[in-house]
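Asker: The following comprises the amino acid sequence and a computationally predicted model.
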2 protein chains.
Amino acid sequence: MADQPSDPMDAAFAEARAAALRGEVPIGAVVVDSKTGAQVAMDGNRIEQLNDPTAHAEILVLRHAAETLQSPRLADYDLYVTLEPCPMCAQAISFARIRRLYFAAYDPKGGGVDHGPRLYNQSSCHHRPEVIGGIREQEAALMLREFFKDRR
Amino acid sequence: MADQPSDPMDAAFAEARAAALRGEVPIGAVVVDSKTGAQVAMDGNRIEQLNDPTAHAEILVLRHAAETLQSPRLADYDLYVTLEPCPMCAQAISFARIRRLYFAAYDPKGGGVDHGPRLYNQSSCHHRPEVIGGIREQEAALMLREFFKDRR
């Protein structure tokens, strides 16, 4: 039996914690090969570090994975992220043809999947990933609350 | 009197035509310093070239401008683009705090500003750029139609 890869949501949480240590909002994401379980890209937010308004964890891992795999389309890949993606990231996930999106905390204020514009419900959305939200929701929400509490 | 910078929408159209020559959907964008008129970043789509599902013209110029200016927030800057931005780009433009968005053709199928999710009308949108759409609309729409006709 091959080595079991570690749990991808664990890896996403580790990236989120690492982001907090850099002074970034603690959100982490991982792209996983749905056939092998291999984690092909993982990262956390780097907006301030990179001076990049688009450097959300999801955008970074989609870009890394697509570059590694030499394809802008990642149809056999899943994405794990510690927070419901915003509209920018939700649309990028659709463009990348991600098969399945797993996320932890819901984001009623800034989310674009189950809140706000609910992008995958728009008739203009050509690719809708399967969505599984609310995994380890409380743990992820607590991490975000602690981060913002410490900075006030 | 200082040199007048060339028209930024002209520059965006030139970037769109250059994108078509690379086999990319012909969309171009330019970021302009609203105080000086200086064009600080310009580019066209590079999705296929870079293997990057997020490499829309708008995302590329926001990233270039923010890197050049060493800030993820571009509050004194305007963005010119040849097509109504999609939801991904519309949200990125909001995150970057762009002052004013000028676009050429409307995009009823894929646009996210005046169509689909109309992101700037969402209550969750924290920064709404001023929007001026429909500049040289027919010219931009024709360029896109010709591109897709040639590829069929």
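Answerer: Perfect, thanks for sending it.
Asker: which residues of chain A score low on pLDDT?
Answerer: Low-confidence segments of chain A, defined by pLDDT under 70: A:1-5.
Asker: In it, which residue is most central in space?
Answerer: Residue closest to the average C-alpha location in chain A (Cα atoms, centre = their mean): residue A:81, at 3.2 Å.
Asker: Give the helix, strand or coil label for that residue.
Answerer: strand (DSSP: H, G, I helix; E, B strand; the rest coil).
Asker: For the nearest residue to it once chain neighbours are set aside, which residues are in contact?
Answerer: Nearest non-adjacent residue to residue A:81, counting by Cβ to Cβ, 6 or more residues apart in numbering or on different chains: residue A:29, 4.1 Å away. Just so you know, the C-beta spots here come from the backbone N, C-alpha and C atoms, and that holds for glycine as well. Applying Cβ atoms under 8 Å, 6 or more residues apart in numbering or on different chains to residue A:29 gives the contacts A:12, A:15, A:42-44, A:57-58, A:60-61, A:79-82.
Asker: Would you agree residue A:51 is in contact with residue B:74?
Answerer: No. Assessed by Cβ atoms under 8 Å, residue A:51 is found out of contact with residue B:74, at 10.2 Å.
Asker: These two: which has the busier surroundings?
Answerer: More crowded of residue A:51 and residue B:74, by other Cβ atoms under 10 Å in any protein chain shown: residue B:74, with 25 against 18.
Asker: For that one, grab phi and psi.
Answerer: Here is the backbone geometry of residue B:74 (degrees, to the nearest 10): phi -120, psi 60.
Asker: With just CA atoms, put stretch A:57-70 into PDB.
Answerer: Extracted in PDB, the C-alpha atoms of stretch A:57-70 (Å, rounded to 0.1, in the frame of the first residue of the first chain):
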ATOM      1  CA  ALA A  57      -4.500  31.600  -1.000                       C
ATOM      2  CA  GLU A  58      -6.800  30.100  -3.600                       C
ATOM      3  CA  ILE A  59      -5.400  32.300  -6.500                       C
ATOM      4  CA  LEU A  60      -1.800  31.400  -5.500                       C
ATOM      5  CA  VAL A  61      -2.400  27.700  -5.400                       C
ATOM      6  CA  LEU A  62      -4.400  27.700  -8.700                       C
ATOM      7  CA  ARG A  63      -1.500  29.500 -10.400                       C
ATOM      8  CA  HIS A  64       1.100  27.300  -8.800                       C
ATOM      9  CA  ALA A  65      -0.700  24.100  -9.700                       C
ATOM     10  CA  ALA A  66      -1.500  25.200 -13.300                       C
ATOM     11  CA  GLU A  67       2.200  26.200 -13.800                       C
ATOM     12  CA  THR A  68       3.400  22.900 -12.400                       C
ATOM     13  CA  LEU A  69       1.000  20.900 -14.500                       C
ATOM     14  CA  GLN A  70       1.500  23.100 -17.600                       C
END
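Asker: Name the residues that touch the helix or strand encompassing residue A:149?
Answerer: Using DSSP states H and E, the element containing residue A:149 is helix A:137-150. With Cβ under 8 Å, 6+ apart as the test, helix A:137-150 has contacts from A:13, A:16, A:17, A:20, A:25, A:26, A:27, A:82, A:83, A:104, A:105, A:106.
Asker: could you redo the last one with a cut-off of 10 Å?
Answerer: By Cβ atoms under 10 Å, 6 or more residues apart in numbering or on different chains, the surrounding residues in contact with helix A:137-150 are A:9, A:12-13, A:16-17, A:19-20, A:23-28, A:81-84, A:103-107, A:134, A:136.
Asker: Turn the buried ones among those into a named ChimeraX selection, would you?
Answerer: Command for ChimeraX, covering only those of those found buried under the criterion 16 or more other Cβ atoms under 10 Å in any protein chain shown:
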select /A:9,12,13,16,19,20,24,25,26,27,28,81,82,83,84,103,104,105,106,107,136
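Asker: Inside strands: which ones of the contacts of helix A:137-150?
Answerer: Among the contacts of helix A:137-150, the members found in strands (DSSP state E) are A:28, A:81, A:82, A:83, A:103, A:104, A:105.
Asker: Most widely separated two among those?
Answerer: Pairwise distances across those peak at 11.9 Å for A:28 and A:105 (criterion: Cβ to Cβ).
Asker: residue contacts, residue A:120?
Answerer: Each residue near residue A:120 by Cβ under 10 Å, 6+ apart is listed here: A:90-91, A:93-94, A:101, A:112-114, A:127-131.
Asker: No further queries at this time; thank you.
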